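In: turn this into a structure:
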Amino acid sequence: MYIEFVGIPGAGKTTLVAETRKLLEQAGVFCTTRATFFSKNKKWLHKLFWSLLHPQYLDLYALLLWLRLAYRRRMGLEKTATRVHEYQKLRYQLAHMKKKSIFVWDNGFVQWFSNHVVAGLVGKEAMTDFIQKRIPAGTLLVFIDTPVEQAIRRMREREARLRATIGTTMQEKSAADEEREGEAFAQSRHIQKSMLEELVKRNLATLILDGTRPPEENAMVVYKKIKELLLA
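Out: The predicted model follows:
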């Protein structure tokens, strides 16, 4: 079973994945997440070789989409290569999914490719078709509906903690920059929700969570939904 968490940056996806995994493993159910695909001691060189050895999990159209987005957003080689690598990891997992396997992902098809719609590179309907063809039956899509202001605040708090550990300070953003950031987050949130609504019409299971609630509570909601779907 594949569970994909969707939400704007700062929505709480990574935290919720960790909490959901904890509940599943406490119940004796092993699951793989994006973060546990490789063991912690694996270095970037190992991951690079892995990607080079598994080109079959990167289809040509997806690669073209990544390159177009990289060009549009000036993402840089390292960030683009990381996105491609993550795409390969997910498609590898899905290709080797066994009946009782559970994969919990905090960045996946809807999360990634909604960005192409936001950037104006692909229409929403065409992108939804692309995603539907790659998502397996029995998928659960979980949307974390977090207010834009709260998500941005979380992102800044996280950045401040990171900078504190390396001894640098954050640059203050102008009011215009803050307004543009808020508009970008709001647009991403709207596109993600509308794409999920379209996927619901195509009989994919979805769950909407209140992103202002504690992650432990939301993880329990997800856990109960997984149990419900597995017993159906």
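
In: residues contacting residue 112?
Out: Counting by Cβ atoms under 8 Å, 6 or more residues apart in numbering, residue 112 makes contact with 83, 86, 87. (Each C-beta comes from the backbone N, C-alpha and C, glycine too.)

In: now it: which helix or strand?
Out: helix 109-118 (DSSP states H and E).

In: swap in residue 221?
Out: Counting by DSSP H and E, residue 221 is found in helix 215-231.

In: only alpha carbons, please: show that helix as PDB.
Out: What follows is helix 215-231 as a C-alpha-only set of coordinates in PDB (Å, rounded to 0.1, in the frame of the first residue of the first chain):
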ATOM      1  CA  PRO A 215       0.900  15.700  14.400                       C
ATOM      2  CA  GLU A 216       0.300  12.900  16.900                       C
ATOM      3  CA  GLU A 217      -3.500  13.300  16.500                       C
ATOM      4  CA  ASN A 218      -3.300  13.500  12.700                       C
ATOM      5  CA  ALA A 219      -1.100  10.400  12.600                       C
ATOM      6  CA  MET A 220      -3.700   8.500  14.500                       C
ATOM      7  CA  VAL A 221      -6.300   9.500  12.000                       C
ATOM      8  CA  VAL A 222      -4.100   8.300   9.100                       C
ATOM      9  CA  TYR A 223      -3.300   5.100  11.000                       C
ATOM     10  CA  LYS A 224      -7.000   4.300  11.400                       C
ATOM     11  CA  LYS A 225      -7.700   5.000   7.800                       C
ATOM     12  CA  ILE A 226      -4.900   2.700   6.700                       C
ATOM     13  CA  LYS A 227      -6.300  -0.100   8.900                       C
ATOM     14  CA  GLU A 228      -9.800   0.600   7.400                       C
ATOM     15  CA  LEU A 229      -8.500   0.300   3.800                       C
ATOM     16  CA  LEU A 230      -6.400  -2.800   4.500                       C
ATOM     17  CA  LEU A 231      -9.400  -4.600   6.000                       C
END
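
In: this completes my enquiry, with thanks.
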